[in-house]
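Asks: sequence? don't have it. structure:
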């Protein structure tokens with residue numbers, strides 16, 4: 001599942017609202033989330049507090065944190081964010097048009113990251 005949203009704030013309510021909206025859009029309700037789905041995040045304060053814990057509990061997600069000091073531990077998510085930023089930058093500066101390459105995106109990316117994973 002890939003859902004990219006722009007947030008002007010990196011505070012927990014804004015970030016977790018986007019995660020919750022993506023879950024709702026994809027699954028409809030917590031009871032429809034497949035077993036074994038997890039949320040993998042960095043160690044940002046948006047993801048280490050009680051609000052994130054509550055969101056994961058409500059949606060039945062297994063929350064895991066990417067290892068600190070091991071760049072390859074979250075490599076796929078980091079590369080995805082880099083690619084999306086490059087694409088968004090091209091559209092914003094006019095150096096890329098929608099016909100240049102098909103990219104499905106809803107907006108830019110914040111500097112924190114998370115990803116839904118299935119086991």
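Replies: Happy to help now that I have it. Computed from a predicted structure; not experimentally measured.

Asks: residue 39 belongs to a strand?
Replies: Yes - Residue 39 forms part of a strand when assessed by DSSP: H, G, I helix; E, B strand; the rest coil.

Asks: these two touch, right, it and residue 19?
Replies: Yes - taking CB atoms under 8 Å as the contact criterion, residue 39 and residue 19 are neighbours in contact, 7.2 Å apart. (Glycine included, C-beta is placed from N, CA and C.)

Asks: where exactly do the helices run in this protein?
Replies: In the chain, the segments counted as helices under DSSP state H are 12-27, 45-48, 50-59, 75-93.

Asks: low-confidence stretches in this protein?
Replies: 1-4, 91-92, 96-119 (pLDDT under 70).

Asks: so the residue nearest to residue 49 when sequence neighbours are not counted versus residue 61, what's the distance?
Replies: Nearest residue to residue 49 in three dimensions, chain neighbours excluded: residue 12, at 5.9 Å (CB to CB, 6 or more residues apart in numbering). With distances taken as CB to CB, to the nearest Å, residue 12 is found 16 Å from residue 61.

Asks: what do you get for residue 80?
Replies: Taken as CB to CB, the span from residue 80 to residue 61 is 19 Å.

Asks: likewise for residue 19?
Replies: 9 Å.

Asks: joint contacts of those two?
Replies: Counting by CB atoms under 8 Å, 6 or more residues apart in numbering, the residues touching both residue 19 and residue 61 are 39, 55.

Asks: what about the residue nearest to residue 49, how many neighbours?
Replies: Per other CB atoms under 10 Å, the neighbour tally for residue 12 reads 18.

Asks: what of residue 23?
Replies: 24.

Asks: now residue 61: closest residue in space, sequence neighbours ignored.
Replies: Excluding the flanking residues, the one nearest residue 61 by CB to CB, 6+ apart is residue 39, at 4.6 Å.

Asks: next one: that neighbour from residue 52, what distance?
Replies: Taking CB to CB, one finds residue 39 at 8 Å from residue 52.

Asks: so what sits against both of those two?
Replies: residue 63.

Asks: ok so, going back, which one's more surrounded, residue 80 and residue 61?
Replies: Here residue 80 and residue 61 are compared on neighbour count by other CB under 10 Å; more neighbours surround residue 61, at 21 against 15.
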